[in-house]
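Q: how does the following fold in three dimensions:
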Amino acid sequence: MTANCLPLSAENMVVRAALPRDIPGIAALLLQVLAVHNAIRPDLFKPVGAKYTGEEIEKIIADPLTPVFVCVDGVTGTVLGHCFCKVLDKPETGATYPVKSMFIDDLCVEESVRGKHIGSKLLDFVTEYARDNGFYNITLHAWEGNDPALAFYRNSGFTAQQYTLELKL
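A: Next comes the predicted model:
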């Protein structure tokens with residue numbers, strides 16, 4: 001839980017672009033993401049490790065093609081959730097229109113504060129950002145077996161666009 005004296009409330013939460021000072025909190029959340037993925041697919045995800053180094057996170061948050069947003073406790077500055085995004089520009093082809101998509105690469109809320117609408121606040125912020133910047137849609141991948149994430153995205157209005165299927169060998 002957050003270390004502030006005030007109870008966590010919607011008024012205390014601030015969603016904004018990530019800053020270098022947020023990197024330790026982001027890195028901690030990425031460990032929680034790894035734990036969820038390892039539990040679902042230990043054949044693909046290691047039990048320990050880091051998706052990005054601090055230096056890599058710093059480069060990512062500085063790149064306008066990979067915006068990262070955080071929800072922080074407005075009193076303490078504690079990172080409560082993050083959303084890594086990627087700008088995907090698909091060019092026009094003979095059969096398709098050009099599409100500018102905002103891809104959500106990773107959305108995580110600190111386990112101890114889940115259920116307090118932090119994920120919804122992040123998703124609302126990303127949606128507004130995408131609308132304001134001329135994106136056609138927001139896309140993401142969710143792992144089969146991550147039922148809480150799938151329910152969250154479906155309840156937020158996401159529908160299946162396509163399926164990625166596999167045949168393990």
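
Q: where do the strands sit along the chain?
A: Along the chain, counting by DSSP state E, strands occupy 13-17, 68-73, 79-90, 99-109, 137-140.

Q: longest helix in the chain, please.
A: Counting residues, the longest helix in the chain under DSSP state H turns out to be helix 23-40.

Q: out of the strands of the chain, which comes closest to residue 149?
A: Among those, strand 99-109 comes nearest to residue 149, with 8.0 Å by Cβ to Cβ. Where C-beta positions appear, they are placed from N, C-alpha and C, glycine not excepted.

Q: run through who's touching that closest one.
A: With contact meaning Cβ atoms under 8 Å, 6 or more residues apart in numbering, strand 99-109 is reached by 29-30, 32-33, 51, 66, 71, 80-90, 118-119, 122-123, 126, 129-130, 134-140, 149.

Q: do that again at 7 Å, thanks
A: 29, 32-33, 80-90, 118-119, 122, 126, 130, 134-140 (Cβ atoms under 7 Å, 6 or more residues apart in numbering).

Q: the residue sitting nearest the centre point of the chain pairs with what?
A: With distances taken as Cα atoms, centre = their mean, the residue of the chain nearest its centroid is residue 107 (2.0 Å). When bridges are taken as DSSP bridges, the partners of residue 107 come out as residue 83.

Q: contact partners of the longest helix of the chain?
A: Under Cβ under 7 Å, 6+ apart, the answer for helix 23-40 is 18, 45-47, 49-52, 54, 57-58, 70, 78-79, 82, 106, 108, 110-111, 143, 145-146.

Q: need the winner for burial among the strands of the chain.
A: strand 68-73 (a mean of 24; mean count of other Cβ atoms under 10 Å).

Q: related to what we said a few turns ago, quick one: buried residues of the longest helix of the chain?
A: 23, 25, 26, 27, 29, 30, 33, 34, 36, 37, 38, 40 (16 or more other Cβ atoms under 10 Å).

Q: need the residues you listed in CSV (columns: distance to residue 160).
A: Below are these laid out as CSV (distance: Cβ to Cβ, whole Å):
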residue, distance to residue 160
23, 34
25, 32
26, 29
27, 31
29, 26
30, 26
33, 22
34, 25
36, 21
37, 20
38, 25
40, 18
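
Q: out of the residues you listed, flag the one nearest to residue 163.
A: Nearest to residue 163 among the buried residues of helix 23-40, with distances taken as Cβ to Cβ, is residue 40, at 16.6 Å.
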